[in-house]
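1. Show me how the following folds:
(one chain, ligands or ions: 3)
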Amino acid sequence: MQTTAVLVSWKTRGVRHLLLAALLMMGPVPGSWGFGIQSGGQSSIDRADQNAFSLASPALSLQQRHDFYSGSDLFRSPWVIAPASNRSRDGLGPLSNANGCRDCHTLDGRGHLPTHPDDNNVSLLLRVSLRPETDVQWQQVREQGVIPHPQYGAQIQDFANPGLVPEAHYRLRYETTHVTLADGEVVTLSRPLPEWVETAYGEPAANVNWSLRLAPAIVGLGLLDILDDEQIAAFADPDDRDGDGISGRPNRVRQAGSDGLVNGRYGWKAEQPSLRQQNAAAFLGDLGITSPLFPEENCTPAATQCRQAPTGGSPELSDTQLNQITFYTANLAVPQRRNVRDPQVKQGEALFTEAGCAGCHRVAFVTPKVVRQPQLSGQTIHPYTDLLLHDMGEGLADHRPVFSASGSEWRTPPLWGIGLTATVTGQEHYLHDGRARNLLEAILWHDGEARASKAFVVSASREQRAALVAFLQSL
Ligand SMILES: [Ca+2]
Ligand SMILES: [Ca+2]
Ligand SMILES: [Ca+2]
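-> Ligands and ions are numbered 1, 2, ... in the order given. Here you go, the predicted model:
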């Protein structure tokens with residue numbers, strides 16, 4: 001019966017939708033069934049509009065939907081300064097970057113750069129820390145992540161509760177370069193650099209490393225969270241034994257509350273080991289909300305007023321709330337691919353492999369079986385990432401090492417859903433600091449281990465480049 005449905009379903013879009021809907025009502029569609037269109041297995045959703053990143057996975061049970069919407073509420077709604085009448089929502093600050101997760105992860109999609117000089121830098125984070133120089137300092141980086149700045153800590157918070165001063169305000173200026181493609185087309189690339197406007201403790205000295213980070217889209221993260229370390233390690237090749245120029249390795253990061261180091265998965269440098277810890281770190285660093293994982297307010301020893309400010313409970317975010325938001329970020333559906341049968345898209349898909357993109361943007365995994373997460377288990381997924389660190393060359397380097405990630409290493413970001421970026425937020429900004437204004441620019445910044453891929457694209461014909469971009473747009 002399914003085979004017949006499949007054959008008929010491709011005749012017209014309308015019929016296809018009806019039949020897909022009918023099959024969905026019969027039960028979850030197995031991940032392997034989907035013609036390669038279900039990037040998130042049964043967590044995929046057939047939506048390509050503004051809400052495409054904000055929807056619950058269709059695989060959730062009724063009870064799970066309840067948890068999802070509780071988490072969604074915590075993600076969307078603003079937090080308030082303590083003490084407030086709503087004790088379950090207070091504790092914002094004393095220092096913060098925003099008052100809600102959605103301020104930066106616009107509609108669960110990625111952030112943007114300010115569109116004119118007076119715009120604030122919301123949806124960006126500016127990380128800072130002291131540059132390691134001695135062996136002891138390098139060891140501190142490997143074991144603790146970074147050496148926090150004595151006054152600014154590890155991240156600039158540009159908002160403060162009344163009575164306190166924000167750490168700093170900065171503007172962005174842009175530095176431009178050009179790439180000439182083989183057919184003579186010249187592409188202008190630009191990157192943002194922060195410029196201090198106002199600082200609470202003076203401009204950070206020359207021995208301070210900084211890193212500008214754009215908020216990424218957060219779909220499908222639970223599917224990546226349950227992958228076994230061994231599945232990811234299978235793609236690591238730290239000494240490039242196979243000689244393809246690509247040598248990914250996992251970051252080794254600290255798990256809150258324990259001494260040992262574990263593999264990192266989240267953030268542009270894979271500096272957080274689990275979705276739960278990533279979320280707790282965001283609550284503390286970005287909103288100033290303490291949680292069971294990070295019970296201390298985010299105040300440096302120098303910031304006396306910060307440490308004396310009223311709090312919204314200890315911790316401010318309960319264990320249940322952290323679980324709810326983690327469930328939410330684990331179960332946002334992955335948009336189904338579009339136009340997969342378009343000849344240009346198929347050509348682009350072949351070029352993606354030929355150019356070596358899939359050497360880092362890994363196409364397929366099967367998620368393991370996890371008893372407590374049946375909806376995420378046993379799914380064939382297409383995240384287009386290996387979750388490993390790669391040296392991406394000098395142009396992308398931030399020169400700020402974090403744990404074992406060097407200043408030029410970055411985690412391969414997942415590409416699923418990337419083709420809907422502009423549909424969801426109305427804007428396009430790619431790469432860790434949002435510097436790329438379209439997908440071609442994002443590719444042209446690749447270097448280091450991705451040098452051969454970039455060279456392939458530089459020397460490709462205009463038609464091949466268009467096909468590669470059309471493929472990315474179909475993800
Ligand atoms: Ca707080
Ligand atoms: Ca800070
Ligand atoms: Ca290799």
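
2. Wait, a helix at residue 107?
-> Yes. Under DSSP: H, G, I helix; E, B strand; the rest coil, residue 107 sits within a helix.

3. Would you enumerate the residues in contact with it?
-> Neighbour list for residue 107: 50, 51, 53, 54, 424, 425 [criterion: CB atoms under 8 Å, 6 or more residues apart in numbering]. From N, CA and C alone the C-beta is placed, and that goes for glycine too.

4. By neighbours, which of those wins?
-> residue 53 (27 neighbours; other CB atoms under 10 Å).

5. mind checking pLDDT for that residue?
-> Per-residue pLDDT puts residue 53 at 98.

6. what does residue 35 give?
-> pLDDT, residue 35: 53.

7. cool, residue 259 as well?
-> 88.

8. I'd like the distance between it and residue 144.
-> According to CB to CB, to the nearest Å, residue 259 and residue 144 sit 11 Å apart.

9. Can you get me a residue count around the residue of the stretch 101-250 of the chain found nearest ligand 1?
-> For the stretch 101-250 of the chain, the residue closest to ligand 1 is residue 161, as judged by CB to the ion, at 8.7 Å. Residue 161 has 18 neighbouring residues, counting by other CB under 10 Å.

10. Surely it is in contact with residue 94?
-> Yes. With contact defined as CB atoms under 8 Å, residue 161 counts as touching residue 94 (4.9 Å).

11. Mind listing the shared neighbours of these two?
-> With CB under 8 Å, 6+ apart, residue 161 and residue 94 have common neighbours residue 309.

12. Helix, strand or coil: sort out the closest residue to ligand 3 within the stretch 1-150 of the chain for me.
-> When scored by CB to the ion, the stretch 1-150 of the chain has residue 142 as its residue closest to ligand 3, at 23.4 Å. Residue 142 falls in the helix class when you classify it by three-state DSSP.

13. pLDDT at it, what is it?
-> Looking at residue 142, its pLDDT stands at 97.

14. Pretty sure it sits against residue 403.
-> Yes. Taking CB under 8 Å as the definition, residue 142 is a contact partner of residue 403 at 6.2 Å.

15. more neighbours, the two?
-> For the pair residue 142 and residue 403, the greater number of neighbours falls to residue 403 (20 against 17), based on other CB under 10 Å.

16. Please name the nearest non-neighbouring residue to that one.
-> residue 253 (4.7 Å; CB to CB, 6 or more residues apart in numbering).

17. What is whichever strand or helix holds that neighbour packed up against?
-> Using DSSP states H and E, residue 253 sits within strand 252-254. The elements that strand 252-254 packs onto, with contact taken as 3 or more CB pairs under 8 Å, 6 or more residues apart in numbering; DSSP states H and E, are helix 135-144, strand 261-263.

18. Check the offset of that strand from the chain's centre.
-> 18 Å (CA atoms, centre = their mean, to the nearest Å).

19. what residues does it touch?
-> By CB under 8 Å, 6+ apart, strand 252-254 touches 142-145, 261-264, 270-273, 403-404.
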